[in-house]
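**Student:** Got a predicted structure here, sequence first:
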Amino acid sequence: MEFKRREAPFLAPQVSVSSLMLQVLAAMVPAAMAHVWYFGPGFIFNLLVAALFAAAGEALMLSLRSRKPESGLTDYSALVTAALLAFALPSLTPWWVTATGALFAVVVAKHLYGGLGFNIFNPAMAGYVVVLVAFPMHLNLWVAPSMGDLDYQHLSILQTLAFTLTGSLPEGMTVDAISRATPLDVMKSGLNNARTVTEIRAIPIMGDFGGRGWEWIGNFLAFGGLWLLIKKIIRWQIPVGVFIGLLLPATIMYMLDQGSHASPGFHLFGGATILCAFFIATDPVTAATSPKGRFVYGLGIGLLIYCIRRWGSYADGVAFAVLLMNMAVPAIDYLTRPHIVGHNDGVNRSRSGGNDA
Amino acid sequence: MSAPTYDLGTLHGGLRLPGHKSESTRQPILDVPVPGQLVLPITQHVGDPAQPVVGIGERVLKGQLIAEPDGTLGAPVHASSSGTVIAIEPWPVTRRNGGTAPCIVIECDGKDEAVHNTEPPVDFRTMAPPDLLRKFLQGGIVGLGGAVFPTAQKLMQARTCEIDHLLLNGVECESYISCDDMLMRERAGEVISGAQILMHALQIDVCFLVVESDKPEAIRRLGDVLGEVNDDRIALKQVPTIYPSGGEDQLVQLVTNREVPSGGLPSDVGCLVQNVGTAAAIHDWIINNQPLISRVTTVTGDGVVSPVNVRARIGTPIADIIELAGGYTERAQQLIIGGPMTGKSVTTDNVPLVKATNCILVSSETPSPGPELPCIRCGDCASVCPVQLLPQQLFWYACADDEKKMREFGLMDCIECGCCDLVCPSHIPLTADFRVAKGRIRELADEKARAARARLRFEARNDRLEREKTDRESELAEQKASAKKAGPSAIAEILKRQQEKKEVDD
């Protein structure tokens, strides 16, 4: 009898890149629903535009690089990039801003560096930073969350779609009338204007810890992130590193002077901290690779977020922090190599009194 | 879409693999009858091939020496039944790269007539360890866990070190394989007797009998026998069921918390590891005077009708053994010798069972995991690597053919267990790639060594030429100097003498 030949091992792997990416996407669904609940349907349009252009960019680049477009599209990595970008953008964003971010993310940050697995910078964050720097006026259109007594300006689905496609608001509405500063903006400008944290926190947009609405999206993101941790799609080192890196200085500064420094709770639930810790910084391609290295990488991101929020000119610093730490990854990886079993690298792990000192 | 089914172990990664052991442990070990033909490769061990000492047409008896060790490392081969040698020729064997190897082919007469033993039985306790080791060598005993390193030489090497622990390996961590489990259940006494012989040969008095937690029946049987023999030198240790804790170095680390140094042996940290099957074979040889001519092997997988463990004579064709297990099912598409993680797939069942064959796995084709994608550096491979390598980085350097980095990141420490392959979401055949990269590194090292030798030769030649030149020059200078010293009159004298001599000759 004749048999087929192949190399060991003969057990098939049980995981795939596409299943990992799909689970990451699934973990974002509750937070996405919360986003739509509080900030209107704009998120969905942003996601659709981002996904469309990310996929188109992916297909274009793969065909230019003489690869099969379907192999790159079925790993869903472009979709994850699009989803992260959609979370980062305000709910009212003109389509061409989103499209620019998505295209830059996929074409420049990902494929010009060699595609999936070879990119140095987190594509979604690179795309976001480009539009943030290029079109700052268009990234301010955060509406107030639809919650209780807040002056939420309702835009219907069609009105939101019209804004996304044409950038024009319905008759009688102005950008200034519907957009509100985000909690981080409020905190930053408040502190710059010498107001105390307690005064700032009395403003209605502030919630229990962060901003109203925002903190609920944060809760749902944390919920999804914990699910990813349990499923071992992500490891604890990066999220814990980010939280420690951000909350440790925040706590110290808060304890030193409660009047002029926001509380650690505000830092945790305000802005994109939780999104960053569980979904952005955990992108394996652009993160450090050894367990110790990942912790250091997370720690660095957290610290940079704090520094940018506190002393930088931007209200939030997640994207910049992630991109800066992306640059540090090769050095971190080199310096945090684990001990190889059987190598006597300064640590005497063999029996005491052995002759192999 | 589901999460990985292969959970992490607790000790330096590893995987909890689906066991698939119960299929083959439902019935006792079956004895395979004497086959029509035995095919005995002369290389069934690590080292130099044994040299045949029988001729074609010669009648041989069961247990008769038919090939003796040649060189410093090797083991003899014995006839595993009586019959006539009909050929000594290349035959398909189970090796990673397929192909054939020289084999002694015996046509069995079915009488199974054993060689008459004239030597009076000697109590091993009265033998000096070196004599006992010499005896081990004569019995053709090699490591039966799959590595087939000649046991005598392994012990001789270990005796040059300070050994304090004998570890008997009954871990058998690979899926499907259950031959050691069944052996321990049915022959616990022989295993423990073998351990006592080994301890005497090593002159040590600590033996750990290590069994994985998924073999409660074997542990119970061993415990019973240990209670009977009342030997407090032997301790039974249960370890968690995690692949690859049965690897020699991994077992040492798991049981003694000592790391075998890179490129070293367990004896460097005072340990000697022997498979439980080897211990039983040692008992058979030293106590019952039966050399290593049979072994227990697992026949299993969805490709055989009734999976079972069998005791078969070395040299029995695999096809005969599968027949005893009820033959093939419709799903039989792959024939794997060894386990599903480190086994070798062969294309024909015409190969013989050898000393290394611990499992015959017949299975349906491994489902294709889909195309290989780029590495996304998820690091899951690093978290399961029992040697704590960073396979994702090694893969990168292997692709770049960066020898220095591959060495620095420990490629040569890779034990090729295959764990990283199983957890790789990009479906990169890491183990196969590392095997190739290791070959490449050895090749480069060879090239370097050759270049270094050539350079030495070249430099030696230059030196020699230089030396000859200076010697010649100094000789010439000496002659000149002596001539100068003698002065013109002496030269005139010499010339005159030559002239005279010439005249006389004329």
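**Tutor:** Noted; the coordinates are in hand. Note that the structure is a prediction, hence the values are computed from the model and not measured.
**Student:** neighbours around residue A:341, how many?
**Tutor:** 22 (other C-beta atoms under 10 Å in any protein chain shown). For the C-beta atoms, the positions are set from N, CA and C on the backbone; glycine is no exception.
**Student:** Likewise for residue B:123?
**Tutor:** 8.
**Student:** go on, residue B:300?
**Tutor:** 28.
**Student:** residue in the stretch 401-506 of chain B nearest to chain A?
**Tutor:** residue B:418 (3.5 Å; C-beta to the nearest C-beta).
**Student:** leaving aside the residues next to it on the chain, what's closest to residue A:247?
**Tutor:** Distance criterion C-beta to C-beta, 6 or more residues apart in numbering or on different chains; nearest residue to residue A:247, sequence neighbours excluded, is residue A:264 at 4.7 Å.
**Student:** likewise residue B:312?
**Tutor:** Nearest to residue B:312 is residue B:32, by C-beta to C-beta, 6+ apart, at 3.9 Å.
**Student:** Let's verify the spatially most central residue of chain B: helix, strand, or coil?
**Tutor:** Nearest to the mean C-alpha position of chain B, counting by C-alpha atoms, centre = their mean, stands residue B:147 at 3.0 Å. At residue B:147 the chain is in coil, as set by DSSP: H, G, I helix; E, B strand; the rest coil.
**Student:** tell me the contacts of residue B:440?
**Tutor:** By C-beta atoms under 8 Å, 6 or more residues apart in numbering or on different chains, the contact list for residue B:440 reads B:401, B:403.
**Student:** Now do the strands in the stretch 351-500 of chain B.
**Tutor:** In the stretch 351-500 of chain B, the strands defined using DSSP state E, counting those that start in this stretch lie at B:359-363.
**Student:** can you list the weak-confidence ranges in it?
**Tutor:** In the prediction, the stretch 351-500 of chain B carries no residues with pLDDT under 70.
**Student:** What separation is there between residue B:217 and chain A?
**Tutor:** Using C-beta to the nearest C-beta, to the nearest Å, one gets 25 Å for the distance from residue B:217 to chain A.
**Student:** hang on, I meant residue B:190
**Tutor:** In terms of C-beta to the nearest C-beta, residue B:190 sits 31 Å off from chain A.
**Student:** what number of residues lie near that residue?
**Tutor:** Neighbours around residue B:190, by other C-beta under 10 Å: 22.
**Student:** is it true that it touches residue B:278?
**Tutor:** No: the criterion here is C-beta atoms under 8 Å, and residue B:190 misses it with residue B:278 at 11.2 Å.
**Student:** Chain neighbours aside, what residue packs nearest to residue A:254?
**Tutor:** Using C-beta to C-beta, 6+ apart, the nearest residue to residue A:254 is residue A:261, at 4.9 Å.
**Student:** residues touching the one you found, list them.
**Tutor:** A:197, A:250, A:253-254, A:310.
**Student:** Most neighbours among these, which one?
**Tutor:** Counting by other C-beta under 10 Å, top hit in those: residue A:250 with 24 neighbours.
**Student:** Assign it to helix, strand or coil.
**Tutor:** Under three-state DSSP, residue A:250 falls in the helix class.
**Student:** unless I'm mixing things up, it is touching residue A:267, no?
**Tutor:** Yes: in this structure residue A:250 lies within contact range of residue A:267 using C-beta under 8 Å: 4.4 Å.
**Student:** Chain A - how does it break down into domains?
**Tutor:** What automatic domain parsing lists as the domains of chain A is A:18-179, A:181-335.
**Student:** Now tabulate the ones you listed in CSV and tack on distance to residue B:422.
**Tutor:** CSV is the format used below for the domains of chain A (distance: least, C-beta to C-beta, whole Å):
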stretch, distance to residue B:422
domain A:18-179, 14
domain A:181-335, 14
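**Student:** Pipe these into TSV and attach mean pLDDT per row.
**Tutor:** Shown next, in TSV, are these (pLDDT from 0 to 100):
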stretch	mean pLDDT
domain A:18-179	88
domain A:181-335	88
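**Student:** if we can go back for a sec, distance of the residue nearest to the centre of chain B from residue B:501?
**Tutor:** Distance, residue B:147 to residue B:501, using C-beta to C-beta, to the nearest Å: 81 Å.
**Student:** rewinding a little: which ones are touching the residue nearest to residue B:312?
**Tutor:** Counting by C-beta under 8 Å, 6+ apart, residue B:32 has contacts B:310-313, B:316, B:320-321, B:324.
**Student:** For the closest residue to chain B within the stretch 51-200 of chain A, pull up the helix or strand it's in.
**Tutor:** Using C-beta to the nearest C-beta, the point where the stretch 51-200 of chain A gets nearest to chain B is residue A:117, with a distance of 3.3 Å. For residue A:117, there is no helix or strand it lies in under DSSP states H and E.
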